[in-house]
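Enquirer: Got a predicted model here, sequence first, then my questions.
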Amino acid sequence: MQHSVSDKTLTESGLSPTGGGKVLLIACGALAREIIALRDANGWDHLDLQCLPAILHNHPEKIVPAVQETVARHKDAYDSIFVVYADCGTGGQLAAACADMGVEMVAGPHCYSFFEGNDTFAARDEITCFYLTDFLVRQFDAFVWTPLGLGKHPALRDMYFGNYTTLVYQAQTDDPALTQKAQDCAKRLGLEFEYRKTGYGDLEVALSQL
């Protein structure tokens with residue numbers, strides 16, 4: 001069942017499609033719960049979901065080939081395919097690949113932007129903020145603390161985060177426990193904390209138009 005998949009599985013393996021629906025969404029595993037919640041709440045039964053491992057977030061050079069392979073594998077089984085990745089550090093390569101394959105994708109530079117709303121995010125022009133979503137708060141150790149070696153080498157914290165001032169938690173849901181965990185993440189990184197309830201932002205808009 002797609003609803004019961006663990007964050008660890010979404011991080012390391014992703015999520016397989018059910019084989020139902022006319023439109024296949026190819027998404028980052030970090031967006032799985034939000035997409036499923038929107039699909040269920042709105043009765044979008046025409047949407048099927050395939051998630052690539054969320055840990056690709058840390059390896060953007062692997063995103064384009066993974067999306068290309070997934071589109072090639074499933075393109076004949078669905079009426080259309082929609083890529084639920086923003087640019088995500090690919091330097092425009094994902095948009096170019098999607099154009100070559102004839103598939104559309106979510107607009108924006110990254111998920112932090114489309115969760116807040118691309119226009120709103122761009123207008124803020126924040127260069128000293130470090131962002132976490134619901135998923136990244138839950139998986140903070142797997143995506144930030146451990147890969148950067150901050151547990152073993154605390155002195156690296158200031159090297160990586162010395163130019164940041166604030167950790168911004170973009171909350172998709174109302175969860176006091178997650179907010180507390182996000183505050184703890186900010187403390188561990190030596191940053192100020194800011195809470196923003198973004199909801200699903202432009203992600204909901206994009207999916208509603210499919």
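Expert: Perfect, I can see it now.
Enquirer: In the protein, where is pLDDT below threshold?
Expert: For the chain, applying pLDDT under 70 flags the ranges 1.
Enquirer: quick one: the strands in this protein?
Expert: Taking DSSP state E as the test, the strands found in the chain are 23-28, 47-52, 80-84, 104-105, 129-132, 166-171, 192-197.
Enquirer: want to throw those strands into a markdown table with mean neighbour count and distance to residue 203?
Expert: No exception for glycine: its C-beta is placed from N, CA and C like everyone else's. Below are the strands of the chain laid out as a markdown table (neighbours: other CB atoms under 10 Å; distance: least, CB to CB, whole Å):
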| stretch | mean neighbour count | distance to residue 203 |
| --- | --- | --- |
| strand 23-28 | 24 | 10 |
| strand 47-52 | 23 | 13 |
| strand 80-84 | 20 | 7 |
| strand 104-105 | 18 | 12 |
| strand 129-132 | 20 | 15 |
| strand 166-171 | 22 | 11 |
| strand 192-197 | 14 | 15 |
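Enquirer: For these, give me CSV that also has distance to residue 207.
Expert: Formatted as CSV, the strands of the chain follow (distance: least, CB to CB, whole Å):
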stretch, distance to residue 207
strand 23-28, 8
strand 47-52, 7
strand 80-84, 8
strand 104-105, 12
strand 129-132, 21
strand 166-171, 18
strand 192-197, 19
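Enquirer: Determine which of those approaches residue 139 most closely.
Expert: Checking these against residue 139 by CB to CB gives strand 129-132 as the closest, at 9.4 Å.
Enquirer: give the contact list for residue 202.
Expert: Residues in contact with residue 202 (CB atoms under 8 Å, 6 or more residues apart in numbering) are 106, 107, 108, 113, 114, 115, 117, 118.
Enquirer: Let me see the residues that make contact with the biggest helix by length in the chain.
Expert: If you go by DSSP state H, the chain has its longest helix at helix 176-189. With contact meaning CB under 8 Å, 6+ apart, helix 176-189 is reached by 130, 132, 134, 137-138, 140, 144-145, 150, 157, 161, 164, 166-167, 169, 171, 192-193, 195.
Enquirer: Just the buried residues of that helix, please?
Expert: When burial is assessed from 16 or more other CB atoms under 10 Å, helix 176-189 yields the following buried residues: 178, 179, 181, 182, 185, 186, 188, 189.
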